[in-house]
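1. attaching a predicted model along with its sequence, questions to come.
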Amino acid sequence: MTVEPPFGAQSRRKSQFTPRQAPQGGGKTSAMIASLDAEGRQTVSAPFGHALTDLAKTRDDIVGLSADLSKYTDLHVFAQAHPDRFYQMGMAEQVMVSAAAGLAREGFTPFATTYAVFASRRAYDFICMAIAEENLPVKIVCALPGLTTGYGPSHQATEDLAIFRGMPNLTIIDPCDATEVAQATRAIADIPGPVYMRLLRGQVPDVLGEFGYQFQPGRAQLIHDGSDVLFVSTGLMTMRCIDAARRLKADKIDCAVLHVPTIKPLDIATITAEAARKGRLVVVAENHSVIGGLGEAVGAALMREGVHVPFRQIGLPDEFLDAGALPTLHDQYGLSVDAVATRVKAWL
Amino acid sequence: MTNQTQTTGANMSLAQRAWSIRRHALRMGEVQGQGYIGQALGVADLLAASYFHALRYRPGDPEWEGRDRFYLSIGHYAIALYAALIEAGVLPEDEIGTYGMDDSRMPMSGMASYTPGMEITGGSLGHGLGIAVGAALGLRRKGGDQRVYNLLSDGELGEGSTWEAVMSAVQWKLDNLIALVDFNDQQADGKTTDALARGPEAPKWAAMGWFAQEVDGNDLSAVVAALDAARDHPEPQPRVIICRTKMCKGVPFLEHREITHFVRVEADEWARALAHLDAERPL
């Protein structure tokens, strides 16, 4: 039996005492506002902010809170449209989350936004005890999930799903694209308990629209079928898998893509039914550490259900990631279309 | 002036109410042979003044929208709040024997989903004041004149999240928020003032922008006056009352024991404490 080393485990970090030179002819940037997308694909601006703004026109109970990051979570769109329903709580995630609990106690449906690292690492106890233990309908919507910034570990929430999966009552959503961010924003407002949603912000690619996709909480959905490989993917990795499937088609490799936007509760029935179909390699792909996310959840579910199939994981390695340009990092850590296609070919 | 809508026993004095709260708490402690009885005896006067002078509520309808909210951050003080809720008629007295037992509505740490009148789940310290900020914002949004009271402990002043909430309440000018700090100067490992909460306490809160008062929390008249002043204060700012209390107040042989966060009471001492209390029943 061979154990595959983690993809991209080779860090590019060098000694801080090694001098560097500026790249010739323009280099890539690790700027915070980085595109996730292939060039040329259609994007939508601030889908969360616009969806919440529209929803609030018909729902008086919706309020928005930010911990000094409204411009960076697209909540500023809501704040401009509904200034009396926007609470700027300052750089204080713990009181933002606690106050959201208090507003929910008084009958409101608060959308509390910050970065995924701050919600999961800093505000965990408050989300757990002030919100989840009492099953209050607070929606925690967080930008920069997984590897979506080149700023380094302080801003890269590579383990947020692992942190939150253990929290009872919490629904966890990882949308793929602009279409799904907008649909899920409306849908989670109707979920009676707490929700953690990973957010793609700014100019967000639109991928699922062409498939006539409609988000349903708790449901995994087959985006398209295929006979050689079953991608079980969530979040932005579903768009990577769709593109990788197109590329692998040229190599006569036929890939199905099962999109799993709800990490918890997991749609075990659909996942096991698809995985149980004979003759396919199951590849779980997620924008998250290989520890504690969708991969381990699916692996455990398949074991429990007695579905024994070839199984591989695409995800981030169990390490603090490098800083750098996002496309470089996606190649390095195996989240790019090239990296996905290359590894699938190697596994078959 | 009394705001509460409790009708039974309207001619009982606050001293009698405080006495009854202490007695209910001791009986619960006796059931389990343990409990945070030191805190319950210490805070009984503050709870009597809150439930029988300051708070608006309906004993038979603990979720009445018009009620003032009373948030207990300090889950281990549940024994004290149960005693107050029993005295207020929210909880039945005949459930005292279930305290801390399987299937009881009165678990040893206070949780909202178990107990009528227990508004929030406490126990993880430093949460209550932040939740109170949100509730005060929510009540204001709804145009209500209800107030949010948060009973917190001196130990919680060591939690950074408490100070986030302190700043936020000022930022939002929450004049419908009243924080009650039970300052008994005891936390799990010793004196609070030997750990993080070195005074001066009221000036600290005042400097942050709160209307701050400091009183002897075992002096009923002083507590009542402070609650009235907090309610009537005209400025748009949150209010805090630092209540200096004495652990085990009302049971001298426990008061004089070397006091710690968790007061050890021997099996035969519960009856002795109750007997002492009964002998001191206020007229």
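-> Thanks, I have it. Numbers count the residues shown, from 1 in each chain, chains lettered A, B, ... in the order given.
2. switch to C-alpha atoms for all contacts and neighbour counts from now on
-> Fine.
3. pretty sure A:C142 is touching A:R198, no?
-> Yes - contact criterion Cα atoms under 8 Å: A:C142 and A:R198 qualify, at 5.1 Å.
4. what touches both of these two?
-> A:A116 (Cα atoms under 8 Å, 6 or more residues apart in numbering or on different chains).
5. OK, contacts around the residue lying closest to B:C243 once chain neighbours are set aside?
-> Counting by Cα to Cα, 6 or more residues apart in numbering or on different chains, B:C243 lies nearest to B:G217, which is 4.3 Å off, once chain neighbours are set aside. By Cα under 8 Å, 6+ apart, the contact set of B:G217 is B:V43, B:D45, B:L46, B:D182, B:V223, B:I242, B:C243, B:R244, B:T245.
6. now those in CSV, with pLDDT, neighbour count and secondary structure?
-> As requested, those are exported to CSV (pLDDT from 0 to 100; neighbours: other Cα atoms under 10 Å in any protein chain shown; DSSP: H, G, I helix; E, B strand; the rest coil):
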residue, pLDDT, neighbour count, secondary structure
B:V43, 98, 30, helix
B:D45, 98, 29, helix
B:L46, 98, 27, helix
B:D182, 97, 24, strand
B:V223, 98, 26, helix
B:I242, 98, 24, strand
B:C243, 98, 25, strand
B:R244, 97, 20, strand
B:T245, 97, 24, coil
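7. those: which two are farthest apart?
-> B:D45 and B:I242 (13.6 Å; Cα to Cα).
8. ok, and does stretch B:223-239 reach over to chain A?
-> No - Stretch B:223-239 does not reach chain A (Cα under 8 Å from any Cα of the partner chain); its nearest approach is 15.1 Å.
9. tabulate the CA atom coordinates of that stretch in PDB.
-> Presented in PDB, the C-alpha positions along stretch B:223-239 are these (Å, rounded to 0.1, in the frame of the first residue of the first chain):
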ATOM      1  CA  VAL B 223     -29.800  48.900  45.900                       C
ATOM      2  CA  VAL B 224     -33.300  50.100  45.400                       C
ATOM      3  CA  ALA B 225     -32.200  53.700  45.200                       C
ATOM      4  CA  ALA B 226     -29.500  52.700  42.600                       C
ATOM      5  CA  LEU B 227     -32.000  50.800  40.500                       C
ATOM      6  CA  ASP B 228     -34.300  53.800  40.500                       C
ATOM      7  CA  ALA B 229     -31.500  56.200  39.600                       C
ATOM      8  CA  ALA B 230     -30.400  53.900  36.800                       C
ATOM      9  CA  ARG B 231     -33.900  53.800  35.400                       C
ATOM     10  CA  ASP B 232     -34.500  57.500  35.800                       C
ATOM     11  CA  HIS B 233     -31.100  58.700  34.600                       C
ATOM     12  CA  PRO B 234     -31.900  61.200  31.700                       C
ATOM     13  CA  GLU B 235     -28.800  60.800  29.600                       C
ATOM     14  CA  PRO B 236     -28.600  58.500  26.500                       C
ATOM     15  CA  GLN B 237     -26.100  56.100  27.900                       C
ATOM     16  CA  PRO B 238     -26.000  52.600  29.400                       C
ATOM     17  CA  ARG B 239     -26.100  52.100  33.100                       C
END
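10. and the strands in the stretch 51-200 of chain B?
-> In the stretch 51-200 of chain B, the segments counted as strands under DSSP state E, counting those that start in this stretch are B:69-72, B:148-153, B:177-183.
11. so where's the stretch 151-283 of chain B shaky on pLDDT?
-> Along the stretch 151-283 of chain B, the parts satisfying pLDDT under 70 run over B:197, B:259.
12. do a quick rundown of the helices in it.
-> Ranges of helices in the stretch 151-283 of chain B, per DSSP state H, counting those that start in this stretch, are B:160-171, B:201-208, B:220-232, B:252-255, B:269-279.
13. check those helices for me and report the most buried one.
-> Stretch with highest mean neighbour count among the helices of the stretch 151-283 of chain B: helix B:160-171 (a mean of 21; mean count of other Cα atoms under 10 Å in any protein chain shown).
14. need the contact partners of that one.
-> Residues from elsewhere that reach helix B:160-171, judged by Cα under 8 Å, 6+ apart: A:89, A:92, A:94-95, B:126-127, B:129-130, B:133, B:156-157, B:177, B:205, B:208-210, B:237-238.
15. what comes up buried for stretch B:60-67?
-> Within stretch B:60-67, the residues scored as buried using 16 or more other Cα atoms under 10 Å in any protein chain shown are B:P62, B:R67.
16. actually, stretch A:318-334.
-> Neighbour-count burial for stretch A:318-334 [16+ other Cα under 10 Å]: A:321-334.
17. show me how far it is from its chain's centre.
-> Between the centre of stretch A:318-334 and the centre of its chain there are 16 Å (Cα atoms, centre = their mean, to the nearest Å).
18. ends of it, how far apart?
-> 13 Å (Cα to Cα, to the nearest Å).
19. burial check on B:K246, number of neighbours?
-> Applying other Cα atoms under 10 Å in any protein chain shown, we find 22 residues neighbouring B:K246.
20. any idea how far chain A is from the residue nearest to it when sequence neighbours are not counted?
-> Distance criterion Cα to Cα, 6+ apart; nearest residue to B:K246, sequence neighbours excluded, is B:G42 at 5.2 Å. Using Cα to the nearest Cα, to the nearest Å, B:G42 is found at 27 Å from chain A.
21. ok now do B:G42, which residues does it touch?
-> Listed by Cα under 8 Å, 6+ apart, the contact set of B:G42 reads B:N184, B:N218, B:T245, B:K246, B:M247, B:C248, B:K249.
22. for these, which one is nearest chain A?
-> For the contacts of B:G42, the closest approach to chain A (Cα to the nearest Cα) belongs to B:N184, at 25.3 Å.
23. measure the residue nearest to the closest one when sequence neighbours are not counted to B:Y149 for me?
-> Spatial nearest neighbour of B:N184, excluding adjacent residues (Cα to Cα, 6+ apart): B:T245 at 5.0 Å. Between B:T245 and B:Y149 the computed distance is 18 Å (Cα to Cα).
24. likewise for B:Y57?
-> With Cα to Cα as the criterion, B:Y57 and B:Y149 are 13 Å apart.
25. who touches both of these two?
-> Shared contacts of B:Y57 and B:Y149, counting by Cα under 8 Å, 6+ apart, come down to B:D68.
26. just give the nearest non-adjacent residue to A:G292, would you?
-> Nearest residue to A:G292, sequence neighbours excluded (Cα to Cα, 6+ apart): A:A162, at 4.2 Å.
27. tell me if I'm right that the one you found and A:G295 touch.
-> No - A:A162 lies out of contact with A:G295 (Cα under 8 Å); the separation is 10.7 Å.
28. how is chain A carved up into domains?
-> A:43-205, A:218-347 (automatic domain parsing).
29. nearest to B:N11, out of those?
-> The minimum distance between B:N11 and these falls on domain A:43-205, with 33.6 Å, by Cα to Cα.
30. tell me the mean pLDDT over the closest one?
-> Domain A:43-205 shows a mean pLDDT of 97.
31. end-to-end on that domain?
-> This stretch, domain A:43-205, spans 4 Å end to end (Cα to Cα).
32. residues contacting residue 101?
-> Just going to use chain A. A:A130, A:I131, A:L136, A:V138, B:I131, B:G134, B:A135.
33. that's the wrong chain, I meant chain B
-> So B:M101 contacts B:P107 (Cα under 8 Å, 6+ apart).
34. show the pLDDT at A:G8.
-> For A:G8, the pLDDT comes out at 55.
35. and A:D318, that's in a strand?
-> No - assignment of A:D318 by DSSP: H, G, I helix; E, B strand; the rest coil gives coil, placing it outside any strand.
36. measure it to B:Q237 for me?
-> For A:D318, the distance to B:Q237 - Cα to Cα - is 48 Å.
37. equivalent analysis for A:L316, please.
-> According to Cα to Cα, A:L316 stands 48 Å off from B:Q237.
38. from the stretch 101-250 of chain B, which residue is nearest to chain A?
-> B:G134 (3.6 Å).
39. quick one, which of A:A162 and A:G295 is more surrounded?
-> A:G295 (25 against 19).
40. ignoring the adjacent residues along the chain, who's closest to the closest residue to chain B within the stretch 1-150 of chain A?
-> The stretch 1-150 of chain A approaches chain B most closely through A:A99 (3.6 Å), counting by Cα to the nearest Cα. With sequence-adjacent residues excluded and distances taken as Cα to Cα, 6+ apart, A:A99 is closest to B:G134, at 3.6 Å.
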